[in-house]
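>>> Sequence and predicted structure, then a few things I'm wondering about:
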Amino acid sequence: MLNLSQIRNDFPILHQQIQGKPLIYFDNAATSQKPQAVIDVLNNYYQKINSNVHRGVHTLAERSTTAFEATREAVRKFVNAKTIEEIIYTKGTTEGINLVASSYGKKFLTKGDEIIISTMEHHSNIVPWQMLCEEKDLVLKVIPINDDGDLIWEEFEKLLSPKTKIVAVTHVSNALGTINPVKKITELAHQVGAVVLLDGAQASPHFEIDVQDLDCDFYVFSGHKIYAPTGIGILYGKKAILEQMPPYLGGGEMIKEVTFEKTTYNDLPFKFEAGTPNIADVVALKTAIDYIHSVGKTNIAQHEHNLLTFATDSLKTIKGLKIIGQAKNKASVISFIVDGAHHMDIGMMLDANGIAVRTGNHCTMPLMKRFGITGTARASFAMYNSIEEVEFFVKKLDEIVQQIR
Amino acid sequence: MKLFSKFAKIMKINEIQDEIIEEFALFDNKNDTYNYIIELGKKLVFMPENYKIEQNLIKGCQSRVWLFPELHEDKIQFFADSDSTIVKGIISLLVRVLDQQYPADILTADLYFIDKIGLQSMLSMNRSNGLLAMIKQIKMYALAFESVQK
């Protein structure tokens, strides 16, 4: 059990009125709010520590470098990677995917090779692969899903072949909430010699991630969805693979020796971290991870599961409401449409009552097309949300739907 | 669609705008404002189905918006619809102000009522772009009709 009132006290942003009503924040799949500890660390960093990392000999440089590298170790533990060299700092999930597509894709893929993604991918796990396919004349294949929002396993098996070089799928769907069987996917992909990239943007806030157990080759996620600041993300990659990959960006930090004739590159992880990094947000990422550990990932998962179950049952009482995404295994995301009420109208009316949800296509246009809809309204829960908030949300939604119809 | 035309015939664009501003002054919160817009949206007469085609669709809105003009006795009549009731309400306000007006008057119209009733702030950036797209489209039609008349 987690101490909800204690947790809510840790998030200052929650304690405000929106449109004269207490804020109910259900847009956590877009970004999570930040605990006071994270905000304080950012402040403290700029007030007392700020200095560039890895280069200076002075005390501040040493402090900032120590804090910066302490996060790497915290992230290593967070995903249970073998070594810190496997943890690369990025801007976020999107950059992580682009880095792999660009660096690994350019070096190892050749004409006619195939990349497999799924119907439920976020645009950020579609477009980088499409760009790569266009550039190198590759084939993009897509695993279909069923009406519940589960991958169709037999179809995935059929797509796999010795031509498959990369399988890139999401761990959890941002629009449907589906938790994909990524360990099994990885196992099968490895059997045909493909490497596997898992998009962990939506999984990382909710449950334990163990990259060694999953055996995936790449795992990417964003700090801002796990209670850390925006602008910092993680690419995990197996050391043996990262070592073979060429750098993604050229510049300072990523080099060993530069002459005008030839430059040799730095070791992992610095080879992929050209330029001055986002130091303050990296430092705050450790605080966010520590905060998650202090609450306990099992506790968070249990609490969010309770919210999801309660919300799912309550929403079903609203006439004409249909939940999009009814997979057996789901993270705390509920997408829905309502007969006779456009999702945007629902979102605006909820906002007028202090409730923040997401509306639209959720950067998953092909997925919306699969369901024959233009968008949904989506409520997504985090550790600080309460059953009372869900109750109020469902009651208001019921009223709003009747007003709109 | 001719819902407000009997007013429009005797009222100038700015007179209608002022009337709308007065109506909206009654509301002091978003909930009431939206509810009123929803009621207006429900009253917007449905656009004939054969007008709801790709080429009448305005790009740049989170909802789908169709707009089609016709010229009658030198004045423009607008047909419009949306799958969002709130957007329909907003369109009905635009139509109420600009329907049955001369193209030249529409082209030069300063639509100050949008700011005054807080329509801009009501619609967050990506959606207000949609609102701007609607106004731009209306003015484009006015421009086209005006050049034909000349």
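Now that the structure is in, tell me what you want to look at.

>>> hey, let's count contacts and neighbours off CA atoms from now on
OK.

>>> for the residue located most distally from the centre of chain A, what are its contacts?
No residue in chain A sits farther from the centre than residue A:261, which is 40.5 Å out by C-alpha atoms, centre = their mean. By C-alpha atoms under 8 Å, 6 or more residues apart in numbering or on different chains, no residues touch residue A:261.

>>> Can you report how many residues neighbour the closest residue to residue A:248 other than its chain neighbours?
Spatially, and ignoring its direct neighbours in sequence, residue A:248 is nearest to residue A:103 (5.7 Å; C-alpha to C-alpha, 6 or more residues apart in numbering or on different chains). Neighbour count of residue A:103, defined by other C-alpha atoms under 10 Å in any protein chain shown: 19.

>>> Please give the element, helix or strand, for residue A:103.
Applying DSSP states H and E as the criterion places residue A:103 in helix A:93-108.

>>> Same question for residue B:89.
Element membership for residue B:89 (DSSP H and E) is helix B:85-98.

>>> contacts for that helix?
A:341-342, A:345, A:404, B:4-5, B:8, B:13-14, B:16-17, B:34, B:37-42, B:44, B:63, B:65, B:78, B:80-82, B:106.

>>> Would you check that residue A:50 makes contact with residue A:62?
No - Residue A:50 is beyond contact range of residue A:62, at 10.3 Å (criterion: C-alpha atoms under 8 Å).

>>> What residues of the helix holding residue A:103 count as buried?
Going by neighbour count (16 or more other C-alpha atoms under 10 Å in any protein chain shown), the buried part of helix A:93-108 is A:93-105.

>>> just curious, which of the residues you listed is nearest to chain B?
Nearest to chain B among those, counting by C-alpha to the nearest C-alpha, is residue A:94 at 21.2 Å.

>>> So which bits of chain B are right by chain A?
B:29, B:30, B:31, B:34, B:35, B:38, B:62, B:63, B:83, B:84, B:85, B:86 (C-alpha under 8 Å from any C-alpha of the partner chain).

>>> Please repeat the previous calculation with a cut-off of 7 Å.
Along chain B, the residues adjacent to chain A under the rule C-alpha under 7 Å from any C-alpha of the partner chain are B:30, B:31, B:38, B:62, B:83, B:84, B:85, B:86.

>>> Now tabulate these in JSON lines and tack on distance to residue A:277, pLDDT and neighbour count.
Shown next, in JSON lines, are these (distance: C-alpha to C-alpha, whole Å; pLDDT from 0 to 100; neighbours: other C-alpha atoms under 10 Å in any protein chain shown):
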{"residue": "B:30", "distance to residue A:277": "42", "pLDDT": "88", "neighbour count": "18"}
{"residue": "B:31", "distance to residue A:277": "44", "pLDDT": "91", "neighbour count": "19"}
{"residue": "B:38", "distance to residue A:277": "48", "pLDDT": "94", "neighbour count": "23"}
{"residue": "B:62", "distance to residue A:277": "36", "pLDDT": "74", "neighbour count": "20"}
{"residue": "B:83", "distance to residue A:277": "45", "pLDDT": "89", "neighbour count": "17"}
{"residue": "B:84", "distance to residue A:277": "44", "pLDDT": "89", "neighbour count": "23"}
{"residue": "B:85", "distance to residue A:277": "46", "pLDDT": "91", "neighbour count": "28"}
{"residue": "B:86", "distance to residue A:277": "44", "pLDDT": "90", "neighbour count": "28"}
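
>>> can you put those residues in TSV and add distance to residue A:213?
Formatted as TSV, the residues of chain B next to chain A follow (distance: C-alpha to C-alpha, whole Å):
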residue	distance to residue A:213
B:30	50
B:31	50
B:38	52
B:62	41
B:83	47
B:84	47
B:85	49
B:86	49
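
>>> Residue A:219 bridge partners, please.
Taking DSSP bridges as the rule, residue A:219 bridges to residue A:198, residue A:236.

>>> Find the closest residue to chain B in the stretch 51-200 of chain A.
Nearest to chain B, among the residues of the stretch 51-200 of chain A, is residue A:175, at 16.5 Å (C-alpha to the nearest C-alpha).

>>> quick one, phi psi at that residue?
In terms of degrees, to the nearest 10, the main-chain angles of residue A:175 are phi -100, psi -30.

>>> Neighbours of it, how many?
By the criterion of other C-alpha under 10 Å, residue A:175 has 32 neighbours.

>>> surely it meets residue A:362?
Yes - using C-alpha atoms under 7 Å, residue A:175 is in contact with residue A:362, at 6.1 Å.

>>> other SSEs contacting the helix or strand where residue B:130 lies?
Element membership for residue B:130 (DSSP H and E) is helix B:125-149. If you count contacts as 3 or more C-alpha pairs under 7 Å, 6 or more residues apart in numbering or on different chains; DSSP states H and E, helix B:125-149 packs onto helix B:103-108.

>>> hmm, who's touching the helix it packs on?
For helix B:103-108, contacts defined as C-alpha atoms under 7 Å, 6 or more residues apart in numbering or on different chains pick out B:75, B:76, B:98, B:139, B:142, B:143, B:145, B:146.

>>> which one is the fifth one nearest to, not counting chain neighbours?
I take that to be residue B:142. In space, and not counting its chain neighbours, residue B:142 is closest to residue B:103: 4.6 Å by C-alpha to C-alpha, 6+ apart.

>>> Next one: that neighbour relative to residue B:138, how far apart?
From residue B:103 across to residue B:138, the span is 10 Å (C-alpha to C-alpha, to the nearest Å).

>>> likewise residue A:364?
31 Å.

>>> residues contacting residue B:76?
Residue B:76 makes contact with B:69, B:70, B:99, B:100, B:101, B:102, B:103 under the criterion C-alpha under 7 Å, 6+ apart.
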